[in-house]
Each structure stands twice: as C-alpha cells, then as structure tokens.
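Colleague: coords please:
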Amino acid sequence: WNDYLYDTIPGEVTKLISAAAAINDKALVKAEWLLSKSEGFEDTCNKLKEFSFVNEKIEYYINNFEKLAEHYCNNNLLVLELKEELNISSPIATGTSTKRLQKPIIIIFEDRGERIKISSRNNSGEWDCNKLMKLCVEGLDGNGGGHPASSGANVIKSQFPIFKERLIDAIKNKTVKIKK
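Modeller: Numbering: from 1, shown residues only. Predicted coordinates for the structure are as follows:
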C-alpha cells in the first residue's frame, strides 16, 4: 500500500475511500458525503481518518503474510485464511504480491456465509492466476477468472476442500506455469 502513488495525498484519499468501502455500504456513503464537504485533498484526508484502522489491518496482513500463511509446493504457493468482517482480501493479496512476495502465488480466502471468496495474485509472470482459478472451480458450484497476474473465484463452502486440493495439485504439477 505504501508504494508509488499511494504515498501521495491523493493516494491517501484513495486508500481511505477504499477502507470505507471495505467496512460496508453505509461507511462508503458516509465517506462520499465527507468527500463532498471537503476542501482539497488534505482536508479530505483529515475528514476520512476514521477509516484508517482498515488500512492498518491491511498493512498488518501484508507485513506478516509469510508468518500467517500456509506454505505449499516449496513455497511457490502461500495460502491465508482471512477471518475478518472487513472485505479486505483483495488489497491484502495485491499489496503482498507487489510489495513483499513477487515470486509465489498468493491466495487469500475468506468465509462469506455460504460461499468462500478467493483472491489470487502473482507478479512474477511465472504463473497464470486466471487459468488457476478457472481450473480449480471447474465442475464445482462456483466461478473464477480474471487476469494472469490477478484473479478471483468463489465456491460454495462445502466444496472448498476440493478447490484447495486442486489448487495445490495445479501448482505441484506446474499445470498453470507460464512457459518462458
């Protein structure tokens, strides 16, 4: 999160609005209202500070990802079960993949009631997350896809063990490795 444009004041505003969206729709509406009443970026940052705790949680997970995640396939696959009410798997996956761990495939999953939400990232250019997500949900009650470096999926909770087994097998067998 603290790289590139995110270090600027407009970047900070962007992070705080995203933080509000991660809480719930009501918080996002409040952030939009505060934004409409603000005079400039610095004023906006000050008014949106109440949402900064979300970014602190995201930073915590990014900075501690290796310790918190399960490691598979000679550390080519790191999987973290996120147990948060906040919808923060995507920014954690992106931040971890770009800031700390570019080589492995980063997978974060979170329980969203009857479904499991999965975020995958890999910035090494060695693995295709889009193909990985589609392969893992094939024939299951779920869907998946996206881009080679960033993809997502969801599956019903009872089928998640099958999804996870397929995930590990695909990395172990290099099924979604991009040939260079």
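
Colleague: going by C-alpha atoms from here, please, whenever you check contacts or count neighbours.
Modeller: OK.

Colleague: grab the longest helix from this structure for me.
Modeller: helix 52-68 (DSSP state H).

Colleague: in that helix, what's buried?
Modeller: Within helix 52-68, the residues that count as buried by 16 or more other Cα atoms under 10 Å are S52, V54, N55, K57, I58, E59, Y61, I62, N63, F65, E66.

Colleague: give the contact list for the second one.
Modeller: By Cα atoms under 8 Å, 6 or more residues apart in numbering, the contact list for V54 reads A19, A20, A22, I23, L86.

Colleague: format those as TSV; extra columns: distance to L48, pLDDT and neighbour count.
Modeller: Shown next, in TSV, are the contacts of V54 (distance: Cα to Cα, whole Å; pLDDT from 0 to 100; neighbours: other Cα atoms under 10 Å):
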residue	distance to L48	pLDDT	neighbour count
A19	9	85	29
A20	9	85	25
A22	14	85	20
I23	13	86	16
L86	17	88	17
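
Colleague: out of those, which are inside strands?
Modeller: For the contacts of V54, not one is inside strands, with DSSP state E as the criterion.

Colleague: so can I have JSON lines of the buried residues of helix 52-68 showing pLDDT and distance to L167?
Modeller: Listed next are the buried residues of helix 52-68 as JSON lines, based on pLDDT from 0 to 100; distance: Cα to Cα, whole Å:
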{"residue": "S52", "pLDDT": "88", "distance to L167": "34"}
{"residue": "V54", "pLDDT": "91", "distance to L167": "29"}
{"residue": "N55", "pLDDT": "88", "distance to L167": "29"}
{"residue": "K57", "pLDDT": "93", "distance to L167": "26"}
{"residue": "I58", "pLDDT": "90", "distance to L167": "24"}
{"residue": "E59", "pLDDT": "90", "distance to L167": "26"}
{"residue": "Y61", "pLDDT": "93", "distance to L167": "22"}
{"residue": "I62", "pLDDT": "90", "distance to L167": "22"}
{"residue": "N63", "pLDDT": "91", "distance to L167": "24"}
{"residue": "F65", "pLDDT": "91", "distance to L167": "19"}
{"residue": "E66", "pLDDT": "90", "distance to L167": "18"}
